[in-house]
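Trainee: Provided below for reference: sequence and predicted model.
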Amino acid sequence: MKTESGKEKRMVQELDLLKKHQKISVKELAAALGVSEMTVRRDLELLRKNHVLERSYGYAALVEGGNGYSYEGENYDLRRARLENFAEKDRIAKYAASLIRPDDWVFLDNGTTVSRMTFYLPTDFEYTVLCYNFLILAELLKHSNIKVIFPGGYYHPEDYNFTSPEAVEFIRRHRANKAFLSVSGVHQSLGITCINANIVENKKAMIESSAQNIILADSSKFGLVKANHFADIPDMDLVITDTNLPAGWKKILANAQTQLKMV
């Protein structure tokens, strides 16, 4: 079983201190954790890139929004989720971004792994991306080679998503070569699930309208079941995960005729 790296543990501690104080100096963080200020600065830059905090000279503060939510008794801390399995999610996102080709039409779902694709998107050719998450949208708009489509809707600040019935129909009217999808759980018999009910219809519309459906899921998601079902394993063409995939899942995916890539 995969264990947290020293960096992951430290960044979680930094996040907990930020939640407690809302704003804290680099010097105070270094003293509290017993590490150098340079180490803290490197951590804070990673946290900033992953939309966990904002930087000002010598200080860090939590970003607005992204507080997560509770659903049927389960708490989901979006900021902490961005730090879990950090290295694995990064490798998965980097490989996923490498699959985009010139003139592709791409759907980008929400989620901490899918959003990390924006760090690795191709910049040397043109393609089109449809998304419904504000943080992903903000990153896409930094790239002049990407044509961006955004269906809009009602804004959910707890996870930065926009949803509405009109947005679902808007997605269904478009077609994509590839859809990159996030998951909270992948189960052999109960299918592919997420925690947040608000985004289920967006996900289904993307799956229905894409030639190739690709899920990005670190190995901790396999065997889990969450509240909201949006697809079954055979609906997916490709699963991208890490090398800690639990035993038996290669055969399960092969039987579903779903390709597997471990990175």
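Mentor: Thanks, I have the structure now. Numbers count the residues shown, from 1 in each chain.
Trainee: mind checking the SS state of L253?
Mentor: helix (DSSP: H, G, I helix; E, B strand; the rest coil).
Trainee: what about A31, how many residues close to it?
Mentor: Neighbour count for A31, taken as other C-beta atoms under 10 Å: 12. Just so you know, the C-beta spots here come from the backbone N, C-alpha and C atoms, and that holds for glycine as well.
Trainee: D232 reaches S189, doesn't it?
Mentor: No. Counting by C-beta atoms under 8 Å, D232 does not reach S189; the two are 9.4 Å apart.
Trainee: of these two, who's got more company?
Mentor: D232 (14 against 8).
Trainee: How about the more buried one, nearest residue that isn't a chain neighbour?
Mentor: Among residues not flanking D232 along the chain, G191 sits closest, at 4.3 Å (C-beta to C-beta, 6 or more residues apart in numbering).
Trainee: pretty sure that neighbour is touching M236, no?
Mentor: No. Counting by C-beta under 8 Å, G191 does not reach M236; the two are 10.1 Å apart.
Trainee: Those two: which has the busier surroundings?
Mentor: M236 (24 against 17).
Trainee: quick one, what contacts the more buried one?
Mentor: L181, I192, N213, I214, I215, A256, T258 (C-beta atoms under 8 Å, 6 or more residues apart in numbering).
Trainee: Separate out the buried members of these.
Mentor: Burial by neighbour count, judged by 16 or more other C-beta atoms under 10 Å, picks out L181, I192, N213, I214, I215, T258 from the contacts of M236.
Trainee: Dump these to TSV, plus distance to V12.
Mentor: Converted to TSV, the buried ones among the contacts of M236 look like this (distance: C-beta to C-beta, whole Å):
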residue	distance to V12
L181	26
I192	27
N213	32
I214	29
I215	25
T258	32
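Trainee: For T258, see how far away N213 is.
Mentor: 9 Å (C-beta to C-beta, to the nearest Å).
Trainee: Could you tell me which residues touch both of those two?
Mentor: M236, D237, L238.
Trainee: quick one, strands of the stretch 151-263 of the chain?
Mentor: 154-156, 161-163, 176-182, 185-187, 191-194, 210-216, 228-231, 238-241, 259-262 (DSSP state E, counting those that start in this stretch).
Trainee: I'd like to know how many residues surround P165.
Mentor: 9.
Trainee: Against D218, how distant is M262?
Mentor: Counting by C-beta to C-beta - M262 and D218 are separated by 11 Å.
Trainee: The two - which one has more neighbours?
Mentor: Higher neighbour count among M262 and D218: D218, with 24 against 16, using other C-beta under 10 Å.
Trainee: is it true that that one touches F86?
Mentor: No. Judged on C-beta under 8 Å, D218 makes no contact with F86 at a distance of 9.6 Å.
Trainee: Show me the longest helix that occurs in the chain.
Mentor: Counting by DSSP state H, the longest helix found in the chain is helix 6-21.
Trainee: what's the next secondary structure element after it?
Mentor: Once the chain leaves helix 6-21, the next helix or strand it forms, by DSSP states H and E, is strand 23-25.
Trainee: centre of the chain versus that next one, how much separation?
Mentor: How far strand 23-25 lies from its chain's middle: 26 Å, per C-alpha atoms, centre = their mean, to the nearest Å.
Trainee: again with stretch 98-109
Mentor: Relative to its chain's centre, stretch 98-109 lies at 16 Å (C-alpha atoms, centre = their mean).
Trainee: All the helices of the chain, in order from the start?
Mentor: Using DSSP H, helices in the chain cover 6-21, 26-33, 37-49, 78-81, 86-97, 112-116, 134-140, 165-172, 200-208, 249-255.
Trainee: Now tabulate those helices in a markdown table and tack on mean pLDDT and distance to D124.
Mentor: A markdown table is the format used below for these (pLDDT from 0 to 100; distance: least, C-beta to C-beta, whole Å):
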| stretch | mean pLDDT | distance to D124 |
| --- | --- | --- |
| helix 6-21 | 80 | 31 |
| helix 26-33 | 88 | 36 |
| helix 37-49 | 83 | 21 |
| helix 78-81 | 57 | 31 |
| helix 86-97 | 94 | 13 |
| helix 112-116 | 93 | 20 |
| helix 134-140 | 95 | 16 |
| helix 165-172 | 98 | 28 |
| helix 200-208 | 98 | 26 |
| helix 249-255 | 97 | 32 |
